[in-house]
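Novice: I'll drop the sequence and a predicted model, then ask my questions.
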Amino acid sequence: MSEKIRNPKKKKTVKRKYIPFFIVLGILLYIVFHMYNTINAYTIKTHVLDMGQISNFVEKEGLIIRNEYQVFSPSDGYISDSLSEGERVKKSGIIAKLQNEQLKGDEQFKLQIINRRINELKNNTTPKDPEKEIAELDAKIDFIYVDIQNRIVNNDLTYVSDLKENLISLMERRRLLSGASDVGQMSLEQLEAEKLNLENKINSDKYYIRADNPGVVSFYSDGEYEKFSIANMANISVTDITSFKDNNLISINDGVNKGDIFATVVNNHKWYIACEVDENDIRNIERGRPITIHIGDEMILGSLYDFHKGEDEKFLGIFEVENENFDFTKQRKHKFNLEYNSVSGIIVPKKSVVENEGVLGVFTINEVGTAHFKELKDIKGEDENNYIISFDPDSSTSQENINLYDEVIIAPRNIKSGQRVR
């Protein structure tokens with residue numbers, strides 16, 4: 001049986017037949033690979049690292065603890081003059097002027113006229129006649145009155161309001177001069193006696209409400225100034241805070257009765273905020289370290305002064321505040337946020353952090369578009385969205401460490417260190 005002879009030329013023809021196919025396939029794979037890289041480069045999201053700060057906030061409700069005392073009305077009457085809320089008053093300073101039936105008119109003005117008359121008599125100068133002054137004032141009052149009427153008729157209202165104020169001022173001066181018209185007929189002895197009488201009235205506590213100690217005037221009093229005083233801080237409990245409701249006992253009226261609370265005088269140089277604290281607060285808030293307290297739109301600085309467990313077995317924190325700009329005199333109970341554990345450094349988005357070979361880090365992109373994995377180290381803090389890592393402004397840029405202004409890939413997938421991604 002004879003063997004079949006194979007044709008070698010036919011075998012070579014078959015191999016050559018598949019060569020163009022492999023070449024085309026290689027070209028297609030090359031094109032697809034580069035298209036993938038191009039599309040991948042366009043779809044990659046990046047973020048440039050920058051400096052930032054992370055803080056922890058906790059919402060609280062607390063009470064203002066302050067040194068204050070109540071000021072009472074010494075007699076019945078009505079308030080003719082008073083300091084405004086928030087004004088400072090010195091020790092023994094006048095807070096308000098109280099008028100009653102025994103004290104009519106403006107004794108200060110009358111005292112000025114008497115002093116002027118005494119000086120005239122002692123210096124033998126020509127006295128000013130109160131009746132003549134009144135006549136001169138009457139002439140001015142009549143002139144302004146006619147001027148106002150004419151302007152109203154002619155619809156020229158430009159200066160009418162100013163003229164009315166001037167008219168009221170002149171009429172008030174005339175009234176005061178009329179009340180002192182008898183001064184011109186008094187002898188020097190009578191003037192000295194009347195002066196002494198007026199000065200006694202002016203300096204009498206019966207007619208003036210005075211401050212026992214310096215401070216800021218407030219027209220708020222809840223009657224709890226002793227319970228929520230600095231001296232009694234150690235006895236305050238969380239239950240005292242939750243059960244407290246602001247209630248102002250001061251009525252802002254023209255008339256007052258003897259014994260009414262007229263105002264409070266508050267020491268605004270040092271005050272405290274008391275609120276409930278938990279174990280996490282105590283662990284994270286260092287005693288004496290400054291923290292930021294946010295009350296409404298206001299931002300003030302304070303520090304943890306002390307904390308204690310009350311009779312209700314709850315912990316109460318006392319925060320010391322030295323801030324004269326925040327008005328803490330009109331209300332005792334506030335809602336606020338404590339900001340603590342504030343750290344600064346390079347902010348790294350958590351979406352950029354991945355695990356690579358068991359190590360947490362980020363992929364950065366260098367100037368030629370190559371990805372490089374860098375380990376996440378020196379973490380100082382974190383919140384829901386970011387880590388914050390240490391930054392040394394004196395250190396040079398490192399190829400291995402995460403640096404300020406590095407461009408990192410957000411949510412990297414199938415990225416390898418050394419891969420060209422751009």
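Specialist: In hand now; what should we look at? Numbering: from 1, shown residues only.
Novice: Could you point out the helix or strand that follows the helix or strand hosting Glu133?
Specialist: Assigned by DSSP states H and E, Glu133 belongs to helix 130-153. Using DSSP H and E, the helix or strand that follows helix 130-153 in sequence is helix 160-179.
Novice: neighbouring contacts of the very next helix or strand once past that following helix?
Specialist: Sequence order places helix 188-203 as the next helix or strand after helix 160-179, per DSSP H and E. Contact with helix 188-203 is made by 103, 107-108, 110-111, 114-115, 117-118, 121-122, 183, 186, 207-208, as judged by Cβ atoms under 8 Å, 6 or more residues apart in numbering. (C-beta placed from N, C-alpha, C; glycine too.)
Novice: Out of those, list just those in helices.
Specialist: Among the contacts of helix 188-203, the ones falling in helices (DSSP state H) are 107-108, 110-111, 114-115, 117-118, 121-122.
Novice: From these, pick the one nearest Gly62.
Specialist: Comparing the ones in helices among the contacts of helix 188-203 against Gly62 with Cβ to Cβ places Gln108 closest, at 44.7 Å.
Novice: that older thread, among the contacts of helix 188-203, which one sits closest to Thr364?
Specialist: Distances from Thr364 to these, taken by Cβ to Cβ, are shortest for Tyr208, at 75.0 Å.
Novice: number of nearby residues for Ile31?
Specialist: 10 (other Cβ atoms under 10 Å).
Novice: ok, now how distant is it from Tyr225?
Specialist: Using Cβ to Cβ, to the nearest Å, Ile31 is found at 84 Å from Tyr225.
Novice: Apart from its neighbours in sequence, what residue is nearest Val48?
Specialist: Residue nearest to Val48 in three dimensions, not counting chain neighbours: Glu407, with 5.3 Å by Cβ to Cβ, 6 or more residues apart in numbering.
Novice: ok, now Lys330?
Specialist: Tyr220 (5.0 Å).
Novice: Can I take it that the one you found is in a strand?
Specialist: No. Remark: Tyr220 does not belong to a strand; assigned using DSSP: H, G, I helix; E, B strand; the rest coil, it is coil.
Novice: which residues does it contact?
Specialist: Tyr220 neighbours (Cβ under 8 Å, 6+ apart): 248, 250, 264, 329-331.
Novice: which among these gets closest to Ala139?
Specialist: Among the contacts of Tyr220, and counting by Cβ to Cβ, the member closest to Ala139 is Ile250, at 45.9 Å.
Novice: Name the helix or strand for that closest one, please.
Specialist: Here Ile250 is assigned to no helix or strand, by DSSP H and E.
Novice: Show me which of the contacts of helix 188-203 are buried.
Specialist: Buried residues within the contacts of helix 188-203, counting neighbours by 16 or more other Cβ atoms under 10 Å: 103, 107, 110-111, 114, 117-118, 183, 186, 207-208.
Novice: could I get these as JSON lines with pLDDT and distance to Ile291?
Specialist: Compiled in JSON lines, the buried ones among the contacts of helix 188-203 are given as follows (pLDDT from 0 to 100; distance: Cβ to Cβ, whole Å):
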{"residue": "Leu103", "pLDDT": "51", "distance to Ile291": "52"}
{"residue": "Glu107", "pLDDT": "70", "distance to Ile291": "52"}
{"residue": "Lys110", "pLDDT": "76", "distance to Ile291": "57"}
{"residue": "Leu111", "pLDDT": "78", "distance to Ile291": "54"}
{"residue": "Ile114", "pLDDT": "82", "distance to Ile291": "59"}
{"residue": "Arg117", "pLDDT": "78", "distance to Ile291": "64"}
{"residue": "Ile118", "pLDDT": "84", "distance to Ile291": "62"}
{"residue": "Val183", "pLDDT": "69", "distance to Ile291": "64"}
{"residue": "Met186", "pLDDT": "77", "distance to Ile291": "67"}
{"residue": "Tyr207", "pLDDT": "72", "distance to Ile291": "48"}
{"residue": "Tyr208", "pLDDT": "81", "distance to Ile291": "43"}
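Novice: Identify the farthest-apart pair in these.
Specialist: Met186 and Tyr208 (25.6 Å).
Novice: what does the domain assignment say about the protein?
Specialist: In terms of domains, the chain is parsed into 46-56+345-410, 59-72+213-339, 104-206 (source: automatic domain parsing).
Novice: Could I get the contacting residues of Leu163?
Specialist: 144, 147-148, 151.
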